[in-house]
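Trainee: Dropping a prediction and its sequence here:
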Amino acid sequence: MPAPVDPHWLEIHRRYAAAGLAPGPSGPPQALHQFGLYGAPPGPSQLERERLERLAAAGANYPRPGLMPRDPALALHPAELLARPYADMAAHHEQLQRHLMMERDRFPPHASLVAHHEEYLRQQRERELKVRALEEAARGSRP
């Protein structure tokens, strides 16, 4: 014989059922949580479920993707759909570089730009000399 059910447990469920928490919105009682605190998860009522099933059955004459004939040409996507073509980007970059070169030849550089560029070249030379000195020191310390 199975173990008897705790009377306190039965009383808790009886009280929740009497409070109207057990029956669902469509009438039949729903499965309660362990302590009766939560009802069944929200979902479509029986009427709504039947309507959704009828809608699904109405569109059932369209073949599923797995049942459609397989044409190898359909699986090939044009390059424009996959990503922007690299040739377009390269042509745009080349055109931009040509335009910048023409602008540089046409207009004299601004004085602040010349000073900034000279400072950049001076710092670059200093970095190269420093690296060269470190390399020579490292070579000189070897036995």
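Mentor: Everything's here; your move. Numbering: from 1, shown residues only.

Trainee: okay, now the domains of the protein?
Mentor: Domain ranges of the chain: 76-107, 109-142, per the TED database.

Trainee: Which of these comes out lowest on mean pLDDT?
Mentor: Mean pLDDT is lowest for domain 76-107 out of the domains of the chain, coming in at a mean of 76.

Trainee: quick one: buried residues of the lengthiest helix in the chain?
Mentor: Scanning the chain for the longest helix, with DSSP state H as the assignment, gives helix 111-140. By neighbour count on 16 or more other C-beta atoms under 10 Å, the buried set for helix 111-140 is empty. Backbone N, C-alpha and C define where each C-beta goes, glycine included.

Trainee: Let me know the average pLDDT across the helix or strand harbouring Arg51.
Mentor: If you go by DSSP states H and E, Arg51 is part of helix 46-58. Averaged across helix 46-58, pLDDT comes to 81.

Trainee: what about Ile12, how many residues close to it?
Mentor: 16 (other C-beta atoms under 10 Å).

Trainee: Per-residue pLDDT of it, please?
Mentor: pLDDT, Ile12: 80.
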